[in-house]
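J.: structural data only, the sequence is not supplied:
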């Protein structure tokens, strides 16, 4: 079964790329990884800010499937964001988009940021930690 990776996963994969054992452990949790466009944007923005060359970014992201939002996903993201804001549990725009992509496709989200994603009813969340 595919899993949606949030931005924390990409950041951790990048950080662990020189630690084969820990990288293998994280990769084992990332089955058929899919990236919603907001994840791609957040990671690419961070790479640009740090001066990562485009070819290094392309090489790193090779093998990920990118998810383009449907109309239903956009409406779901808007409704999720509105409900979370009304309840005082706002999680941020990118995480709302990631959750909407997961819910629309009935896929779990792999994340180190469990707190944000567990606020969304019906969302399957797979948490992890990279620290020993």
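T.: Yep, that arrived. Here the structure is a predicted model, which means the values were calculated and not measured.

J.: torsion angles phi and psi at residue 33?
T.: Residue 33 has phi and psi values of phi -70, psi 140 when expressed as degrees, to the nearest 10.

J.: quick one: it and residue 5 touch, right?
T.: Yes. The criterion here is C-beta atoms under 8 Å, and residue 33 meets it with residue 5 at 4.8 Å. (C-beta placed from N, C-alpha, C; glycine too.)

J.: any residues in contact with both of the two?
T.: Common neighbours of residue 33 and residue 5, counting by C-beta atoms under 8 Å, 6 or more residues apart in numbering, are 64, 110.

J.: check which helix or strand the closest residue in space to residue 65 that isn't next to it in sequence maps to.
T.: Leaving out its chain neighbours, the residue that sits closest to residue 65 by C-beta to C-beta, 6 or more residues apart in numbering is residue 34, at 4.8 Å. Residue 34 is part of strand 33-36, with elements assigned from DSSP states H and E.

J.: noted, bye for now.
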